[in-house]
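K.L.:
Everything below, folded, please.
(chains A, B, C and D)
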There are 2 protein chains.
Amino acid sequence: MAETGLRERKKAATKAALGTATLRLAIAKGGIELVTADEIAAEAGVSTRTFHNYFPNKEAAFLHDFHEMTTAFVEGVRERAAHQPIWDALRDAAIDLRINERMDLGEIKCREQLVHASPSLIKEQSGQFMDLFTEVLGLVADATGTRPDDMYPRLLLGAALVAMKTANEHWITDPGAQTLGEVIAASFAVFERGVTQPPPAA
Amino acid sequence: MAETGLRERKKAATKAALGTATLRLAIAKGGIELVTADEIAAEAGVSTRTFHNYFPNKEAAFLHDFHEMTTAFVEGVRERAAHQPIWDALRDAAIDLRINERMDLGEIKCREQLVHASPSLIKEQSGQFMDLFTEVLGLVADATGTRPDDMYPRLLLGAALVAMKTANEHWITDPGAQTLGEVIAASFAVFERGVTQPPPAA
DNA sequence: GCGAAAGTTGCGCGCTCTGCAAAATTTCCT
DNA sequence: AGGAAATTTTGCAGAGCGCGCAACTTTCGC
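P.N.:
Numbering: from 1, shown residues only, chains lettered A, B, ... in the order given. Now for the predicted structure:
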């Protein structure tokens, strides 16, 4: 956290403001495609040009929170990779994001719905997942003693990201039964056991 | 193959022509972002407006072949799902696309490189994978006696798509050692065994 | 052939995103 | 504090995108 200057903090604040403004407007209008960059900039109190200095497009602004999460995830994995098997590091880093505790469930659901309904948001989010994949792949390769273009680290990491995404989606639709952490653990467990294996209980 | 009329065939031909024109131009210029919709339309001998009748954007045109492949894949899975366990159906449908036999390796490599270098193409391709996911999810849920919003069918299908994508990428970088089919089979096998399990030979 | 259906095209329009240079703001040094 | 330097904000201009609309042309079924 090299939060040295006032400048840094102000920039981060502006970026966050643009992100939440985008979210607010998209929710209000019921779709990101009904929101223009001009409106977002006005809502956040900056010029349109400044909006585009911070984000390449409104989808990225909408997903600003998500991007911060993936950044935290990468950091979490990097720290854990030194002390844990990489698979456990991936799982525990995912659990320790504690999305459930940090964010309002109603808003999470709403956001998920908007993403699901918008091709452009689906693309942007998928793209960010691919960036995440690329960022973490090196760590996984190192940890497993393989090279980044071998199959194994890619399959392992791919499975982990699928497990994360699936667990989150599932928990959102039914947050009562289990905690998010439990759902993530269950999700990862399926891949440990072998996806074609029937669950132990059956 | 309900190729009844001349109209259908002509439309398919125009679409394919636009696709290959996009590919040609992107290769020639070394990047999709250096190609405009106007140029593509001119290259294919239609108006710019017509181009946008066929494709929502140039990225989709670039990936026209890819989209046809995913369509064939869905069809393959649907047919096999009646006779095979769903996991095998997914694997065998992937193998039977026979990309290696149908397309020129040099061009495949070139395309892969262009996609990898372009954020917009990565997003578009990821988006198409998500569409594929959605299309096949119902089949997987039916086959496993689960519901589409349960975790299991999503994890299974996610693993299968990761296996497909990873195998293809890997085979492209090193097509000599094994056939594509073998690579795909090996990729799927990792998920059958459990991603955290060491390979049998080790 | 001929009418209906479907495909193609040009035009207009609002929006996106970027480069550029001037203006405003913050930081730093003395 | 005072002023120079560095950084950020902003407006403007411009290429490009993607879609609705209304002609125009082609194809289809009879």
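K.L.:
In contact with residue A:154, which residues?
P.N.:
A:137, A:148, B:162, B:166, B:169, B:170 (CB atoms under 8 Å, 6 or more residues apart in numbering or on different chains). Yep, even glycine has a C-beta here, placed from its N, CA and C like the rest.
K.L.:
can you dump the C-alpha coordinates of the helix or strand bottoming out on mean pLDDT in chain A into CSV?
P.N.:
Within chain A, no helix or strand scores below helix A:99-102, which has a mean of 88 by mean pLDDT, DSSP states H and E. Below are the C-alpha coordinates for helix A:99-102, written out as CSV (Å, rounded to 0.1, in the frame of the first residue of the first chain):
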residue,chain,number,x,y,z
ILE,A,99,-17.3,-10.8,-1.0
ASN,A,100,-20.3,-11.8,1.1
GLU,A,101,-19.1,-9.7,4.0
ARG,A,102,-17.8,-6.8,2.1
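K.L.:
Mind giving me the packing neighbours of it?
P.N.:
Applying 3 or more CB pairs under 8 Å, 6 or more residues apart in numbering or on different chains; DSSP states H and E, one finds that helix A:99-102 contacts helix A:180-193.
K.L.:
Contacts made by stretch A:87-100 with the rest, please.
P.N.:
A:69, A:72-73, A:76-77, A:80-81, A:83-84, A:108, A:136, A:140, A:143, A:156-157, A:160, A:163-164, A:167-168, A:171, A:175, A:179-181, A:184-185, A:188, A:192, B:195-196.
K.L.:
For stretch A:68-75, the averaged confidence score.
P.N.:
In this model, stretch A:68-75 has an average pLDDT of 97.
K.L.:
Correction: the previous question concerned stretch A:165-178.
P.N.:
94.
K.L.:
Likewise for stretch A:181-198?
P.N.:
Mean predicted confidence for stretch A:181-198 is 94.
K.L.:
Same question for stretch A:124-134.
P.N.:
Averaging pLDDT along stretch A:124-134 yields 98.
K.L.:
in it, what's buried?
P.N.:
Across stretch A:124-134, burial judged by 16 or more other CB atoms under 10 Å in any protein chain shown covers A:124, A:125, A:126, A:127, A:128, A:129, A:130, A:132, A:133.
K.L.:
So the longest helix anywhere in chain A, near DNA strand C or not?
P.N.:
If you go by DSSP state H, chain A has its longest helix at helix A:119-144. No: under the criterion of CB under 7 Å from any atom of the strand, DNA strand C is not reached by helix A:119-144; the shortest gap measures 8.7 Å.
K.L.:
and that helix, what does it pack onto?
P.N.:
Applying 3+ CB pairs under 8 Å, 6+ apart, one finds that helix A:119-144 contacts helix A:58-62, helix A:64-81, helix A:86-95, helix A:105-117, helix A:151-173, helix B:119-144.
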